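Enquirer: Sequence and predicted structure, then a few things I'm wondering about:
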Amino acid sequence: MPFKGDLKDLFFQTLRIRRIEEAIADRYVDQEMRCPVHLSIGQEGVAVGVCSQLLKSDYIMSTHRAHAHYFAKGGDLKQMIAELHGKKTGCCGGKGGSMHLVDPQVNFMGSTPIVGGSFPIAVGMALATQMKNEDPITVIFFGEAMTEEGVFSEAINFAALKNLPILFLCESNFYSVYSPMEVRQPKERNIPKIAEAHGIPSKHGDGNDLQEVASMSCEAINDVRTKKGPRLLEFKTYRFREHCGPNYDVNLGYRSQEEVDSWMAKCPVLRLQNSLLSDNSLSKDELIEMEQKIQQEIDEAFEFSKESPFPQEQELLSHIYAE
């Protein structure tokens with residue numbers, strides 16, 4: 001199915017997320033970002049492919065690995081970098097950090113570090129829009145490990161029962177921290193089939209092929225938006241860096257260098273870049289211009305964070321309860 005958006009623009013968004021997270025990784029050693037960071041490096045194609053097909057009014061929920069989803073939904077770079085530094089100008093006032101990003105301005109309704117904890121929230125948001133007869137749909141991003149939680153079955157069952165306007169979006173990167181699939185799930189377990197058993201049409205695709213992600217997402221989102229019921233998509237992808245932190249972790253022994261190299265060869269950024277260069281949709285000069293524009297934006301964001309104040313002590317107990 002055709003998808004919304006210009007392919008060159010989607011590449012720019014993907015490259016931008018990659019460079020932002022690489023900058024976070026490079027500067028994390030300075031010990032000025034005192035929150036844990038779970039980087040999406042290697043998985044950007046899913047975030048951009050899905051969010052490019054959404055409206056600004058649509059809602060998304062994320063996990064502890066939330067940066068790519070936040071930026072793909074239109075999140076503010078300066079506010080996000082300030083948030084990682086605990087500054088008052090952050091999107092959560094410096095209180096959320098990397099794993100608790102929230103930005104209602106772009107309907108990024110939260111990233112929840114508790115595995116499976118975002119399912120009830122996302123389903124609740126979809127139910128609320130349905131009850132108020134509103135148009136926005138909800139997308140919940142989750143890893144394959146979250147499907148091992150009981151709340152996953154409860155969520156898809158309830159969504160199917162109520163015919164909720166929600167898209168379940170599984171980013172399957174094969175690992176739960178350091179545990180591979182074979183020690184966590186039966187060999188023949190199939191996430192789309194589990195959803196189909198609950199009455200939810202589902203498909204799986206290549207998460208490192210941005211065009212495929214965008215096309216499949218466009219179709220699924222259109223189905224949800226036209227009230228055909230909830231949908232589930234599973235995309236296979238791979239994180240290049242450690243589970244939590246800025247480093248590479250092959251030395252830990254839970255995955256091999258050969259495996260990492262094979263997935264890096266499928267990098268969603270380079271894959272689309274090479275395709276655009278080969279068919280002359282993108283020139284080398286344009287690529288250089290993109291890199292320079294992104295780098296300037298990153299430098300300005302870190303400078304903004306550096307100059308921003310920390311919250312005052314009296315603000316510690318504010319925003320705990322809704323006013």
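Expert: Sure thing, it's come through. These figures come from a predicted structure and were not determined experimentally.
Enquirer: which residues touch whichever helix in the chain runs longest?
Expert: Counting residues, the longest helix in the chain under DSSP state H turns out to be helix 284-307. Residues lying outside helix 284-307 but in contact with it, judged by CB atoms under 8 Å, 6 or more residues apart in numbering, are 8, 12, 15-16, 19-20, 23, 27, 77-78, 80-82, 84-85, 87, 89, 273, 277. No exception for glycine: its C-beta is placed from N, CA and C like everyone else's.
Enquirer: if you set the cut-off to 10 Å instead, what comes out?
Expert: Residues from elsewhere that reach helix 284-307 (CB atoms under 10 Å, 6 or more residues apart in numbering): 8, 11-12, 15-20, 22-24, 27, 32-33, 76-87, 89-90, 94, 273, 276-277, 282-283.
Enquirer: Repeat that for stretch 190-202.
Expert: 144, 147, 152-153, 155-161, 163, 166-168, 170, 172, 185, 203-204, 220, 223, 228-234.
Enquirer: Next, the distance between the ends of that stretch.
Expert: 11 Å (CA to CA, to the nearest Å).
Enquirer: I'd like to know how far the closest residue to Pro192 other than its chain neighbours sits from Phe3.
Expert: Ranked by CB to CB, 6 or more residues apart in numbering and with sequence neighbours excluded, the top spatial neighbour of Pro192 is Ser202, at 3.6 Å. Relative to Phe3, Ser202 is positioned 19 Å away (CB to CB, to the nearest Å).
Enquirer: ditto for Asn163
Expert: 25 Å.
Enquirer: Settle it for me: which of those two has more neighbours?
Expert: Phe3 (20 against 14; other CB atoms under 10 Å).
Enquirer: Was I right to think the more buried one contacts Ala220?
Expert: No: using CB atoms under 10 Å, Phe3 is not in contact with Ala220, being 11.1 Å away.
Enquirer: joint contacts of these two?
Expert: Counting by CB under 10 Å, 6+ apart, the residues touching both Phe3 and Ala220 are Gln53.
Enquirer: Next, work out how far apart the residue positioned nearest the centre of the chain and Val106 are.
Expert: By CA atoms, centre = their mean, the chain has its centre lying nearest to His69, at 3.1 Å. Distance, His69 to Val106, using CB to CB: 11 Å.
Enquirer: what is in contact with these two at once?
Expert: Cys51, Ile60, Gly75.
Enquirer: in stretch 195-212, what's buried?
Expert: Buried residues in stretch 195-212, defined by neighbour count with 16 or more other CB atoms under 10 Å: 195-196, 198, 200, 202, 204-212.
Enquirer: ok, now stretch 3-10?
Expert: Phe3, Leu7, Leu10.
Enquirer: Cross those residues against helices and list the overlap.
Expert: Counting by DSSP H, the buried residues of stretch 3-10 contribute Leu7, Leu10 to helices.
Enquirer: that older thread, bridged to the nearest residue to the residue nearest to the centre of the chain once chain neighbours are set aside, which residues?
Expert: Of all residues not flanking His69 in the chain, Ser62 sits nearest, at 4.4 Å (CB to CB, 6+ apart). Beta-bridge partners recorded for Ser62 (DSSP bridges): Ser111.
Enquirer: what separates Ser62 from Glu219, distance-wise?
Expert: 22 Å.
Enquirer: Mind checking which of the two has more residues around it?
Expert: Ser62 (28 against 17).
Enquirer: For the more buried one, give its distance to Glu144.
Expert: 15 Å.
Enquirer: Same check on His198?
Expert: 17 Å.
Enquirer: what's Glu259 sitting at in phi/psi?
Expert: Here is the backbone geometry of Glu259 (degrees, to the nearest 10): phi -70, psi -50.
Enquirer: Settle this for me: it is touching Phe174, isn't it.
Expert: Yes: assessed by CB under 10 Å, Glu259 is found in contact with Phe174 at 9.1 Å.
Enquirer: overlap in contacts of those two?
Expert: Joint contacts of Glu259 and Phe174 (CB under 10 Å, 6+ apart) are Pro180, Tyr238.
Enquirer: Between the two, point out the one with more neighbours.
Expert: Phe174 (19 against 13).
Enquirer: mind listing what the residue nearest to the more buried one when sequence neighbours are not counted touches?
Expert: In this structure, Phe174 finds its nearest non-sequential neighbour in Met181, 5.5 Å apart by CB to CB, 6+ apart. Contact analysis of Met181 by CB under 10 Å, 6+ apart lists Glu144, Ala145, Ser172, Asn173, Phe174, Tyr175, Lys187, Arg189.
Enquirer: Give the buried residues for stretch 86-98.
Expert: For stretch 86-98, using 16+ other CB under 10 Å, the buried residues are Gly86, Lys87, Thr89, Gly90, Cys91, Cys92, Gly93, Gly94, Lys95, Gly96, Gly97, Ser98.
Enquirer: ugh, typo on my part, it should be stretch 288-297
Expert: Met290, Ile294.
Enquirer: and it, what's its mean pLDDT?
Expert: Mean pLDDT, stretch 288-297: 98.
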